[in-house]
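> need coordinates for the below:
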Amino acid sequence: MTPGEWTESAARALAAVDRETGSAGPLALLWALVDQESRASEILASGGLDAASLASQLPRPSTNADTSTPGLAVVLQEATRMAGLAGRVGEVGTEHLLWGLAQVDESIGRVMAEHDLRPESLAPVIEAATGIETTPLETDEKLDPIPAPDATIDTLRVMDASANRAREGLRVVEDIVRFVLDDAHLTGLVKQLRHDLGTALKPLDAGRFLAARDTTTDVGTSVTTDQEHQRDSLRDVLDANLGRVQESLRTLEELAKLQTDSSVASTAPASALFERTRYGLYTLHKALAATVEARRRLDGRVLYLLAGESSCQGGIGPTIRAAADGGVGVVQLRDKSLPDAALLELAHRVRRWTREAGVLFVMNDRPDLALLADADGVHVGQEELDVRSVRRIVGPRRLVGVSTHSLQQAKQAVLDGADYLGVGPVFHSQTKSFDNFAGLETIRAVAEEITLPWYAIGGIDGNNLAEVIAAGANRVAVGAAVCLAADPKTAARDLHQSLITAE
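Below is the predicted model:
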């Protein structure tokens, strides 16, 4: 149980298991979740499983009971896997622990199922917490899902074709992410989805798909459209194949509900596994689209300037114009000293200067002012609004940047849909104080994993830029190195030239 992998509530529950029972069993963990004010306890209560009702069915283990079982390790493994599919990196919550318990422990799973808390119904609740809407539409129509006996081969043919499309589409996506984007983080996520797809297919297939295959009589092989043979961009290829996989997973999910073979052993219904994989693919699709589009929009903009009225010794207007002439491609307005009205008035002027210079304008921390000033984007820190909330304010087209201080934060920001990252602080800064430093080690780690555009930040200047480049950064954000320079244009030009030469 490594610290940092769990939310605060999950960590308290796991600590309570060790403290109260002296061991770590699934039942002890369940009771620890019940005792916490957490999302897991809310989910249990929604099914009528509070402490009183649970005590009669799954009594609390005694302090002296030996509840140590290898099952808890499997619970934690399932919880971690579910968190990853829901778009959470490095952080497992109490709801994911509850999912793991329902999956792994037969007694707990049975009691939860009696209260309509089956794994397949828990998954949408958990995934909805990350911004993915999973609630099914209500309908008054009742459909009989049981096929006629002579339809079995036809059903297997459909599942075989859908499985092939899903596998092929994921392979195309993985090849692009691996060999074109060179993105280790997203490649790992695609590989995990391919593994999950294989896990879901294995109990359903067992050689039956191939036996039912009949390509020679498939009427669809001769039905094509012109659009199928043309792609205008790499983004089109990704979208087409991700869409193909999503549609195939939906077909597999629905037809898997027809499988009633009781001899098939599975920790969860195959339909639920397909559903989870499909939602995981939605998150991946968003991250891939953001990466491809951001790389296009920020292409060549390797030098990023943080400027404010009080931080530019030659005046913010002359500094921005000179820095743009020297190669700065993005300007962020950052000034904590001004009241809102004055900051907005300054933002309008920065918008005019950056537009005339042909550089992008980003507002620090304030999506509301970014919208009012018609900025190209907004940048937020770990303590400010999350990406989803910012998007609701500024819309889908404006850039959203996120400050990150570790590899895990960077990975999460990619999945959240950030357009670019700030990674640091690398060194001590003249314009901002920090309690902790990411340092060059974090720069190296992010460079190895992530290709969404990111800027190393924090105390970078001409004296240490070579170290930052050697660590793997090809974009940097600076403040004092340009704003406090006697000649901002020359300072920017020298930094920009070093970055371009290093590429």
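> surely residue 305 is within a helix?
No: remark: residue 305 does not belong to a helix; assigned using DSSP: H, G, I helix; E, B strand; the rest coil, it is strand.
> for residue 382, see how far away it is.
In this view, residue 305 and residue 382 are 22 Å apart by C-beta to C-beta, to the nearest Å. (Each C-beta comes from the backbone N, C-alpha and C, glycine too.)
> swap in residue 462?
29 Å.
> same question for residue 398.
For residue 398 relative to residue 382 (C-beta to C-beta), the value is 20 Å.
> who's more crowded, the two?
residue 398 (20 against 13; other C-beta atoms under 10 Å).
> for that one, phi and psi?
phi -80, psi 150 (degrees, to the nearest 10).
> per-residue pLDDT, the closest residue in space to it that isn't next to it in sequence?
Computed as C-beta to C-beta, 6 or more residues apart in numbering, the closest residue to residue 398 that is not its neighbour in sequence is residue 377, at 4.9 Å. At residue 377 the predicted local distance difference test score is 98.
> got the phi and psi for residue 377?
Phi and psi for residue 377, reported as degrees, to the nearest 10, are phi -170, psi -180.
> need the contact list for it.
Applying C-beta atoms under 8 Å, 6 or more residues apart in numbering, we find residue 377 in contact with 360, 361, 362, 363, 370, 394, 398, 399, 400, 401, 419.
> could I get those residues as a markdown table with secondary structure?
Formatted as a markdown table, the contacts of residue 377 follow (three-state DSSP):
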| residue | secondary structure |
| --- | --- |
| 360 | strand |
| 361 | strand |
| 362 | strand |
| 363 | strand |
| 370 | helix |
| 394 | helix |
| 398 | coil |
| 399 | strand |
| 400 | strand |
| 401 | strand |
| 419 | coil |
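> so which elements touch the longest helix along the chain?
Among the segments of the chain that qualify as a helix by DSSP state H, the longest is helix 270-297. Under the contact definition 3 or more C-beta pairs under 8 Å, 6 or more residues apart in numbering; DSSP states H and E, helix 270-297 sits against helix 71-85, helix 119-128, helix 184-205, helix 234-256, helix 407-416.
> so for residue 11, which of those sits nearest?
For the helices and strands packed on helix 270-297, proximity to residue 11 was assessed by C-beta to C-beta; helix 71-85 is nearest, at 12.2 Å.
> low-confidence stretches in the stretch 201-350 of the chain?
The stretch 201-350 of the chain contains residues with pLDDT under 70 at 223-224, 226-228, 259-268.
> likewise for the stretch 51-200 of the chain?
Looking along the stretch 51-200 of the chain with the criterion set at pLDDT under 70, you get 63-71, 85-90, 120-121, 123-151.
> 80 instead?
For the stretch 51-200 of the chain, applying pLDDT under 80 flags the ranges 62-74, 77-78, 81-91, 118-151.
> ok so, going back, out of the contacts of residue 377, flag the one nearest to residue 12.
The shortest approach to residue 12 among the contacts of residue 377 belongs to residue 400, at 32.1 Å (C-beta to C-beta).
> could you measure from the closest one over to residue 419?
5 Å.
> neighbour count: the two, which is higher?
A count of neighbours by other C-beta under 10 Å puts residue 400 above the other of residue 400 and residue 419, at 28 against 22.
> isn't the more buried one right up against residue 378?
Yes: between residue 400 and residue 378 there is a contact under C-beta atoms under 8 Å: 6.1 Å.
> what touches both of the two?
390, 394.
> could you give the mean pLDDT of stretch 462-479?
Mean pLDDT, computed over stretch 462-479, is 98.
> with just CA atoms, put stretch 286-297 into CSV.
Taking C-alpha atoms only, stretch 286-297 is exported to CSV below (Å, rounded to 0.1, in the frame of the first residue of the first chain):
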residue,chain,number,x,y,z
LYS,A,286,-10.2,12.7,-25.9
ALA,A,287,-6.5,12.6,-24.8
LEU,A,288,-5.3,11.6,-28.3
ALA,A,289,-7.4,14.3,-30.0
ALA,A,290,-6.1,16.9,-27.7
THR,A,291,-2.5,15.8,-28.2
VAL,A,292,-2.7,15.8,-32.0
GLU,A,293,-4.5,19.2,-32.2
ALA,A,294,-2.3,20.9,-29.5
ARG,A,295,0.9,19.8,-31.3
ARG,A,296,-0.5,21.4,-34.5
ARG,A,297,-1.5,24.7,-32.8
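> may I see the buried residues of that stretch?
Buried residues in stretch 286-297, defined by neighbour count with 16 or more other C-beta atoms under 10 Å: 286, 287, 288, 290, 291, 292, 294, 295.
> quick check: residue 241 touching residue 175?
No: here residue 241 does not reach residue 175: they are 9.8 Å apart, not a contact under C-beta under 8 Å.
> show me what counts as buried in the helix or strand in which residue 343 is found.
In the assignment (DSSP states H and E), residue 343 maps to helix 340-357. By 16+ other C-beta under 10 Å, the buried positions in helix 340-357 come out as 343, 344, 346, 347, 350, 351, 353, 354, 357.
> now stretch 52-62
54, 58, 60, 61.
> what's near enough to touch residue 402?
379, 380, 381, 382, 387, 413, 416, 418, 420, 421, 422.
> go ahead and build a PyMOL selection from the buried members of the residues you listed.
Buried residues among the contacts of residue 402 (16+ other C-beta under 10 Å), as a PyMOL selection:
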select buried, resi 379+380+387+413+416+418+420+421+422
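> I'd like the contacts of residue 402 written out as CSV, with distance to residue 105 added.
Formatted as CSV, the contacts of residue 402 follow (distance: C-beta to C-beta, whole Å):
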residue, distance to residue 105
379, 45
380, 40
381, 40
382, 36
387, 35
413, 35
416, 32
418, 37
420, 43
421, 39
422, 43
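> which of the contacts of residue 402 fall in helices?
387, 413, 416.
> contacts only, for the nearest residue to the first one once chain neighbours are set aside.
In space, not counting the residues next to it along the chain, residue 387 is nearest to residue 416; the distance is 4.2 Å by C-beta to C-beta, 6+ apart. The contact partners of residue 416, by C-beta under 8 Å, 6+ apart, come to 87, 386, 387, 388, 402.
> doesn't the last one fall inside a strand?
Yes: following the definition three-state DSSP, residue 402 is counted among the residues of a strand.
> from residue 10, how far out is it?
Residue 402 is 24 Å from residue 10, by C-beta to C-beta.
> quick revisit: out of the helices and strands packed on helix 270-297, the one nearest residue 279 is which?
Per C-beta to C-beta, nearest to residue 279 of the helices and strands packed on helix 270-297: helix 119-128, 5.0 Å.
> tell me the first helix or strand C-terminal of the closest one.
helix 152-175.
> can you list contacts of that next one?
Contacts of helix 152-175 (C-beta under 8 Å, 6+ apart): 147, 187, 190-191, 193-194, 197, 201, 204-205, 208-214, 218, 237-238, 241-242, 244-245, 247-249, 251-252, 255-256, 258, 288.
> show the buried residues in these.
Of these, these count as buried by 16+ other C-beta under 10 Å: 187, 190, 193-194, 197, 201, 204-205, 208-209, 212, 237-238, 241-242, 244-245, 248-249, 251-252, 255-256, 288.
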